[in-house]
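[1] Task: produce atomic coordinates for the following.
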Amino acid sequence: MSLPQIIVLGAGLGGTIAAYEIRDAVKGKAQVMVVSDQEDYWFVPSNPWVAVRWRDPESIRVHLPPIMKKKGIGFTAVGAKRVHPTENRVELNDGTSMAYDYLVIATGPRMAYDEIEGLGPDGFTQSVCHTNHAAAAADAFDKFCEDPKPIVIGAAQGASCYGPAYEFAMILDTELRRRKLRDRVPMTYVSPEPYVGHLGLDGVGDTKGMLESEMRNRHIKWITNTRITSVEDGMMHLEEVAEDGSVKEKHDLPFGFSMILPAFRGVDAVFGIEGLTNPRGFILADKHQRNPTFKNVYSLGVCVAIPPVGPTPVPVGVPKTGFMIESMVTAIAHNLALELVGKEPDEEATWNAICLADFGDGGVAFVAQPQIPPRNLNWSSSGKWVHVAKIGFEKYFLHKVRRGTSEPFYEKLAMHSLGIRKLRFK
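    Just a heads-up that it's a prediction; the model follows:
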């Protein structure tokens, strides 16, 4: 009699550690198979460093097939074309299909550059969402430094990940000062957030005050409540929106270099499947990370549907931070182990948030328990220690992926690096 088949769809930050932890939790009771669209794992949080050549792409790459084999996990990089949840199968890009007993969706998002004319690497702005995009941004930045002009950094309407935008703005400021070019480069941060430091979370601790102060100290201007209407070569057109939703002011911002984080939507393999996704293609999940319609489908990470924290003049999404993702992984592994012995899921992800935003010569850290307010813990801090902690974070996580360990990293970070107690999954 063959063992039940668990397919993990995606091998990014969430999918890779999910495969490790699920394998350890169900060892001997099920087979685990990873379906990805590439053989390599990339440590995405380091992409802002790649974009200024503080990191080489190869230094944040992990080749997964030998590690998966050593862990006893099946692996294919053919990629998924379509999920068929009513048939319990995943259709692959080569025309074949894989049947599953349980499916864990960890695909991450699709970047919605096409929703704004001229946005993205195929348009006139750079990106740090993928490592290859960050490498291309490094080339563009080197060229920019030969003829410095204004810089525009930020996020598009509907974006749900703001930390990298703040990070990259500050990292560029640091790098331009090192190159003795900062005095020739006006910088502007643009965002749909209702205020600086909102982060899609209605702020954490005093992120508003800290980030505004950081921007003032670095002479970075900002415009919030913005909606980008289009981008041309060297010119960004945007609308500043009033509280009632009307257009308060229109802005035409010239730039020689720009990085804008896009809005996200679900990947094509799951987009538009009734009962599985919301209208943006994000996976619907209950408190156990299980889909309400298709009970043998779990999901984690950026692909999970989470409603915004409250109404804002311009749409603002909710980020899925690393600790939140790791808690989803742990909950899913525990619940699958229960299901395999005929029990009902009972573990819930905590959805706590820990974020380290590196600025090159300092940074901002925050902890939110839970991530979405109101909170039991609402803490933020800044200092050079954040830069050191981010480097440690990178080294530890890459080591974890290369070893194939399911040891929870973020809880360790909270307990030891930040000195916070009782930030447990349960």
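
[2] Looks like Pro109 contacts Leu261 (just checking).
    No: taking C-beta atoms under 8 Å as the definition, Pro109 is not a contact partner of Leu261, at 11.2 Å. Glycine gets a C-beta too; all of them are placed from N, C-alpha and C.

[3] export the helix or strand containing Ala138 as PDB, just CAs?
    According to DSSP states H and E, Ala138 maps onto helix 131-146. Only the C-alpha atoms of helix 131-146 are listed here, as PDB (Å, rounded to 0.1, in the frame of the first residue of the first chain):
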ATOM      1  CA  THR A 131      17.200  38.300  -7.500                       C
ATOM      2  CA  ASN A 132      17.600  38.600 -11.300                       C
ATOM      3  CA  HIS A 133      15.700  41.800 -11.200                       C
ATOM      4  CA  ALA A 134      17.900  43.100  -8.400                       C
ATOM      5  CA  ALA A 135      21.000  42.200 -10.400                       C
ATOM      6  CA  ALA A 136      19.600  44.100 -13.400                       C
ATOM      7  CA  ALA A 137      18.900  47.100 -11.000                       C
ATOM      8  CA  ALA A 138      22.600  47.000 -10.000                       C
ATOM      9  CA  ASP A 139      23.600  47.400 -13.600                       C
ATOM     10  CA  ALA A 140      21.100  50.300 -14.000                       C
ATOM     11  CA  PHE A 141      22.400  51.900 -10.800                       C
ATOM     12  CA  ASP A 142      26.000  51.800 -12.000                       C
ATOM     13  CA  LYS A 143      25.000  53.500 -15.200                       C
ATOM     14  CA  PHE A 144      23.000  56.000 -13.300                       C
ATOM     15  CA  CYS A 145      26.000  57.000 -11.200                       C
ATOM     16  CA  GLU A 146      27.800  58.100 -14.300                       C
END
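
[4] Can you tell me what sits against it?
    42, 44, 47-48, 50-53, 57, 60-61, 121, 126-128, 151, 172, 176, 179, 181, 256-257, 259 (C-beta atoms under 8 Å, 6 or more residues apart in numbering).

[5] Which ones among those lie within helices?
    Within these, residues falling in helices by DSSP state H are 47-48, 50, 172, 176.

[6] now those residues in TSV, with pLDDT?
    TSV is the format used below for those (pLDDT from 0 to 100):
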residue	pLDDT
Asn47	97
Pro48	97
Val50	98
Leu172	98
Leu176	98
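
[7] and which of the residues you listed is nearest Ala242?
    Set against Ala242, the nearest of the ones in helices among the contacts of helix 131-146 by C-beta to C-beta is Leu172 (29.7 Å).

[8] and the nearest residue to the closest one once chain neighbours are set aside, bridged to which residues?
    Setting aside the residues directly before and after it, Leu172 is nearest to Ile151 in space (C-beta to C-beta, 6 or more residues apart in numbering), at 6.3 Å. Beta-bridge pairing for Ile151 (DSSP bridges): Met187, Phe257.

[9] how close does Ile151 sit to Asp173?
    To Asp173, Ile151 is 9 Å away according to C-beta to C-beta, to the nearest Å.

[10] Can you check which residues contact both of these two?
    Common contact partners of Ile151 and Asp173 (C-beta under 8 Å, 6+ apart): Met187.

[11] what sits up against the longest helix along the chain?
    What stands out as the longest helix in the chain, according to DSSP H, is helix 384-403. Around helix 384-403, the neighbours that count as contacts under C-beta under 8 Å, 6+ apart are 16-17, 41, 43, 45-46, 60, 62, 67, 356-365, 407, 409, 413, 417.

[12] of those residues, buried ones?
    16-17, 41, 43, 45-46, 60, 62, 67, 356-360, 362-365, 409, 413, 417 (16 or more other C-beta atoms under 10 Å).

[13] Okay, and which of those map to strands?
    Per DSSP state E, strands hold the following members of the buried ones among the contacts of helix 384-403: 41, 62, 356-358, 363-365.

[14] Could you list the residues in contact with the helix or strand harbouring Val32?
    Under the criterion of DSSP H and E, Val32 resides in strand 31-35. Under the criterion C-beta under 8 Å, 6+ apart, residues 2-11, 15-16, 19, 22-23, 26, 64, 68, 72-76, 78-80, 90, 92, 98, 100 lie in contact with strand 31-35.

[15] how about the strands in the stretch 51-200 of the chain?
    Counting by DSSP state E, counting those that start in this stretch, one finds strands in the stretch 51-200 of the chain at the ranges 61-63, 74-76, 80-84, 89-92, 97-99, 102-105, 110-111, 151-155, 187-190.

[16] Let's have those in CSV, adding distance to Pro311 and mean pLDDT.
    What follows is those, written out as CSV (distance: least, C-beta to C-beta, whole Å; pLDDT from 0 to 100):
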stretch, distance to Pro311, mean pLDDT
strand 61-63, 41, 98
strand 74-76, 43, 98
strand 80-84, 32, 98
strand 89-92, 37, 98
strand 97-99, 42, 98
strand 102-105, 28, 98
strand 110-111, 25, 98
strand 151-155, 18, 98
strand 187-190, 20, 98
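
[17] Tell me which of these lies nearest to Phe323.
    When these are compared (using C-beta to C-beta), the closest one is strand 102-105, at 18.6 Å.

[18] Which one (most neighbours) among the ones in helices among the contacts of helix 131-146?
    Most neighbours among the ones in helices among the contacts of helix 131-146, by other C-beta atoms under 10 Å: Pro48, with 28 neighbours.

[19] check contacts around it.
    Counting by C-beta under 8 Å, 6+ apart, Pro48 makes contact with 128, 134, 164, 167-168, 171, 358.

[20] between those, which is closest to Lys221?
    Closest approach to Lys221 among these (C-beta to C-beta): Phe168, at 15.8 Å.

[21] Now do that closest one, the pLDDT please.
    Looking at Phe168, its pLDDT stands at 98.

[22] Include distance to Pro370 when you put the strands of the stretch 51-200 of the chain into CSV, please.
    Shown next, in CSV, are the strands of the stretch 51-200 of the chain (distance: least, C-beta to C-beta, whole Å):
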stretch, distance to Pro370
strand 61-63, 30
strand 74-76, 33
strand 80-84, 29
strand 89-92, 32
strand 97-99, 35
strand 102-105, 22
strand 110-111, 27
strand 151-155, 23
strand 187-190, 27
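
[23] Export the ones in helices among the contacts of helix 131-146 as TSV, with columns for distance to Glu117.
    As requested, these are arranged in TSV below (distance: C-beta to C-beta, whole Å):
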residue	distance to Glu117
Asn47	24
Pro48	25
Val50	27
Leu172	25
Leu176	29
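
[24] Nearest to Ile105, out of those residues: which one, please.
    Closest to Ile105 out of the ones in helices among the contacts of helix 131-146 is Asn47 (22.9 Å), distances taken as C-beta to C-beta.
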